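> Sharing a model that was predicted from the sequence below.
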Amino acid sequence: MSFLKKITPQKAFLLIIVTYTLLAIAAGIQSYLVENKSYPQYTCYNNYVIFKQSHFHLLNDNDLYVHYYDEHGDLFKYSPTFSLFFGAFAWLPDIIGLILWNILNGAVFFLAIYLLPSVDNRKKIFILLLCLIELMTAMQNEQSNALVAGLIILGFVMLEKRKYLPATLFIMLTVYIKLFGLVAFALFLLYPKKWKLALYSALWAIVLLAAPLLVTDFSQLKLQYASWGNMLQNDHSASLGISVMGIIQSWFSIPVNKLITVLTGAVLFCVPLVQFKKYSNEIFRLLVLSSVLIWVIIFNHKAESSTFIIAMAGAAIWFFRAEKNYLNFSLIILAFILVSLSPTDIFPRSIRENVVVPYALKALPCVLIWAKILFDMFWLKPENKSLISSQFSKDQRQATSDQQQVTNNK
């Protein structure tokens, strides 16, 4: 931390860009070279193979949502539109495609945090660093979660700038990657001209829905979407994930009704949004963004370790715009330990396998932070932007003073 204070934010951002790029390359090379000891018939970059092969299945009018055990070890679960767009990587040699796919995920995530409004540069740097381990985990699994997190945050950035066309595109893209992106539409409630947001969203929904028609016909695409719906319906009962549902079952050994749990979470998510007078407060809007990013993971029955880059981004944004007190420090430290460090070799294997994983402890700090976010949303006064942002105001004044000093020296 002291090292970062000695360099300019511009140099720190450059260092992070280099670090993210090197991690993307390292994760790609590692996945490509390491042997899959658990399933020798498949590669260690099985997820990438699933994405890649889905593109060719789409081109050949094969059902995207059935098992292809001779190619990879799991089902494809994204939209036909994702299969189409993944053609940008599918035709490349695997090692090149892997690296570029990871770079895309890291680049979108970096850009989203870099462009966050109402957050000074040094706090953005700390957010990027706090999410570093989770980003690496997502890259090592060739997952799209960093991309989804980045797109949701970019959607928020564009909403703040009242650039509704790109805002709706970014958020709609998340839906065509992972359906839980639908939760991000709650952000639209915070902004004026909702009719325009609805119109643009409908436009992008139609464009993205029909995009695969570039390579297939209407009847075949209709069958693909029907098969996607059936697969998702069957997939819903498959697991409880590292989530609220996983915690309830593992801690209390009681049956979990997913629908009731998710509906309860949805109600709690929506309750603070009745405070319409706070919509004009930029801090309240950032809290809603953080709530969205965490909610889509902790109430996701398919949440796994590599998805937590999304929740960790929400936790980091909340913390670095939050009041600095013992409770908030304790929560973010607990998150760093259980979310980021617990899956690593820093944790003894016995503790990881016998305590952390069985009791879904990776989700626990995110649940607690989400509850604290709800509390902060109620505590924040409509006219009081300094409750959580007093330090930022100080930083902003200091930055202005520094800039004026530079000008005077010239």
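Here it is on my side, so go on.
> What is the end-to-end distance of stretch 54-73?
As for stretch 54-73, its first-to-last residue distance stands at 13 Å under the measure Cα to Cα, to the nearest Å.
> buried stuff in it?
For stretch 54-73, burial by neighbour count (16 or more other Cβ atoms under 10 Å) applies to Ser54, His55, His57, Leu58, Leu64, Tyr65, Tyr68, His72, Gly73. Every residue, glycine included, has its C-beta placed from N, CA and C.
> and the second one, what does it touch?
In other words, His55. Taking Cβ atoms under 8 Å, 6 or more residues apart in numbering as the criterion, His55 is in contact with Ser83, Leu84, Phe86, Gly87, Ala90.
> What about those residues, which are in strands?
Among the contacts of His55, no member falls in strands (criterion: DSSP state E).
> If we only consider those residues, which is nearest to Ala371?
Proximity to Ala371 was ranked across those by Cβ to Cβ; first place goes to Phe86, at 37.0 Å.
> Show me the shaky parts of the stretch 201-350 of the chain.
236-238 (pLDDT under 70).
> residue ranges of the helices in it, please?
Residue ranges of the helices in the stretch 201-350 of the chain, as given by DSSP state H, counting those that start in this stretch, are 218-235, 244-252, 258-270, 282-298, 308-319, 326-335, 349-351.
> Please enumerate residues in contact with the second one?
Surrounding helix 244-252, the residues in contact under the criterion Cβ under 8 Å, 6+ apart are 240, 254-256, 258, 261, 265, 298-299, 301, 303, 358-360, 363-364, 367.
> Please list all residues in contact with Ser306.
For Ser306, counting by Cβ under 8 Å, 6+ apart, the contacting residues are Thr137, Ala138, Gln140, Asn141, Gln143, Asn145.
> ok, now Ile242?
By Cβ under 8 Å, 6+ apart, the residues touching Ile242 are Ala303, Glu304, Ser305, Thr307, Phe308, Ala360, Lys362, Ala363.
> Where does Gln53 fall, secondary structure wise?
Per DSSP states H and E, Gln53 falls inside helix 46-59.
> What mean pLDDT does that helix get?
Helix 46-59 shows a mean pLDDT of 95.
> thought Ser144 was touching Asn105?
Yes: the criterion here is Cβ atoms under 8 Å, and Ser144 meets it with Asn105 at 6.8 Å.
> For the contacts of helix 244-252, which ChimeraX command selects only the ones that are buried?
Below is the selection syntax for ChimeraX that covers the buried ones among those, with 16+ other Cβ under 10 Å defining burial:
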select :240,256,258,261,265,298,299,301,303,359,360,363,364,367
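> which one of the contacts of Ser306 has the most neighbours?
Neighbour counts for these peak at Ala138, which has 29 neighbours (criterion: other Cβ atoms under 10 Å).
> Sticking with that one, tell me its helix or strand.
Here Ala138, judged by DSSP H and E, is contained in helix 132-140.
> Could you check the angle that helix makes with helix 308-319?
Put simply, helix 132-140 runs at 160 degrees to helix 308-319, going by axes from the mean of the first three to the mean of the last three Cα atoms, to 10 degrees.
> Kindly spell out which helices and strands sit in contact with helix 132-140.
Here helix 132-140 is seen to pack against helix 9-33, helix 94-114, helix 145-160, helix 308-319 when contacts are counted using 3 or more Cβ pairs under 8 Å, 6 or more residues apart in numbering; DSSP states H and E.
> Could you measure from the nearest residue to Phe284 once chain neighbours are set aside over to Phe378?
Excluding its sequence neighbours, the residue lying closest to Phe284 (Cβ to Cβ, 6 or more residues apart in numbering) is Lys278, at 4.2 Å. Counting by Cβ to Cβ, to the nearest Å, the gap between Lys278 and Phe378 amounts to 9 Å.
> Same check on Ala316?
From Ala316 over to Phe378 (counting by Cβ to Cβ), the distance is 22 Å.
> Between these two, which has more neighbouring residues?
Shown here are Ala316 and Phe378; by other Cβ under 10 Å, Ala316 has more neighbours (26 against 10).
> Identify the residues contacting Leu128.
For Leu128, the contacting residues are Ile16, Tyr20, Phe110, Ile113, taking Cβ under 8 Å, 6+ apart as the criterion.
> For those residues, work out which two are farthest apart.
Spatially, the most separated pair among the contacts of Leu128 is Tyr20 and Ile113, at 10.7 Å (Cβ to Cβ).
> Could you identify the most distant pair in the contacts of His55?
Using Cβ to Cβ, the pair of the contacts of His55 lying farthest apart is Leu84 and Ala90, separated by 10.0 Å.
> what's the pLDDT at Pro1?
Wrong residue type there; residue 1 is Met, not Pro. The predicted structure lists Met1 with a pLDDT of 49.
> er, Arg352 actually
Arg352 is assigned a pLDDT of 88 by the prediction.
> start the count at 10, not 1, going forward
Right, with 10 as the first residue, what we last looked at is Arg361.
> and the gap between the closest residue to Ser127 other than its chain neighbours and Asn114?
Ranked by Cβ to Cβ, 6+ apart and with sequence neighbours excluded, the top spatial neighbour of Ser127 is Glu291, at 4.8 Å. Glu291 sits at a distance of 28 Å from Asn114 (criterion: Cβ to Cβ).
> Look at the two and report which has more neighbours.
Just comparing Glu291 and Asn114: by other Cβ under 10 Å the higher neighbour count belongs to Asn114, 26 against 16.
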